[in-house]
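> Mind looking at a prediction? Sequence and model below.
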Amino acid sequence: MTPEEAVRRVGFWTTLGNQAIGSTTDPEVGAWFQADSVPREAITDPQGPRIYAIQIPRYVTMNGERIPNHLYAMIEKEIERRGAE
């Protein structure tokens, strides 16, 4: 799966401060993002379907330098694309 496909397949995206936050019920996408998973119905069906919570920082540190995260930029474009539909 490409980063572009993974970003498109997430059901919900928003940005908050210096993070993009997303959620999906697709386990393949959740695994791609190494997302935390929780039961969708934690009280009524704790063993049932899961939801995957994704957090992507706006910046990453490489070699001691803070640089923009390319995934965050893709997510911003995806949010704009969805808003234009």
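Structure received. Being a predicted model, the structure only gives us computed values, none of them experimental. Numbering: from 1, shown residues only.

> Same question for the lengthiest helix in the chain: list its buried residues.
Counting by DSSP state H, the longest helix found in the chain is helix 70-84. Within helix 70-84, the residues scored as buried using 16 or more other C-beta atoms under 10 Å are 71-72, 74-75, 78-79. (Glycine included, C-beta is placed from N, CA and C.)

> which residues are contacting whichever strand in the chain runs longest?
In the chain, ranked by residue count with DSSP state E as the criterion, the top strand is strand 50-57. Residues outside strand 50-57 that contact it (C-beta atoms under 8 Å, 6 or more residues apart in numbering) are 10, 18-27, 29-30, 33, 35-40, 69, 71-72, 75.

> Which of the residues you listed are buried, as a ChimeraX select command?
To isolate the buried ones among the contacts of strand 50-57 in ChimeraX, judged by 16+ other C-beta under 10 Å, type:
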select :10,19,20,21,22,23,24,29,30,33,35,69,71,72,75
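
> Pull out the buried residues from stretch 50-63.
Neighbour-count burial for stretch 50-63 [16+ other C-beta under 10 Å]: 50-52, 54, 56, 58.

> of those, closest to Pro3?
The shortest approach to Pro3 among those belongs to Ile56, at 10.5 Å (C-beta to C-beta).

> Distance from the chain centre to stretch 68-76, please.
Once both centres are worked out by C-alpha atoms, centre = their mean, to the nearest Å, stretch 68-76 turns out to sit 11 Å from its chain's centre.

> Beyond the longest strand of the chain, next helix or strand please.
Going down the chain from strand 50-57, the next helix or strand is strand 59-62, by DSSP states H and E.

> just checking, what packs against that following strand?
Using 3 or more C-beta pairs under 8 Å, 6 or more residues apart in numbering; DSSP states H and E as the contact definition, the elements that strand 59-62 packs against are strand 65-68.

> Thanks again, I'm all set now.
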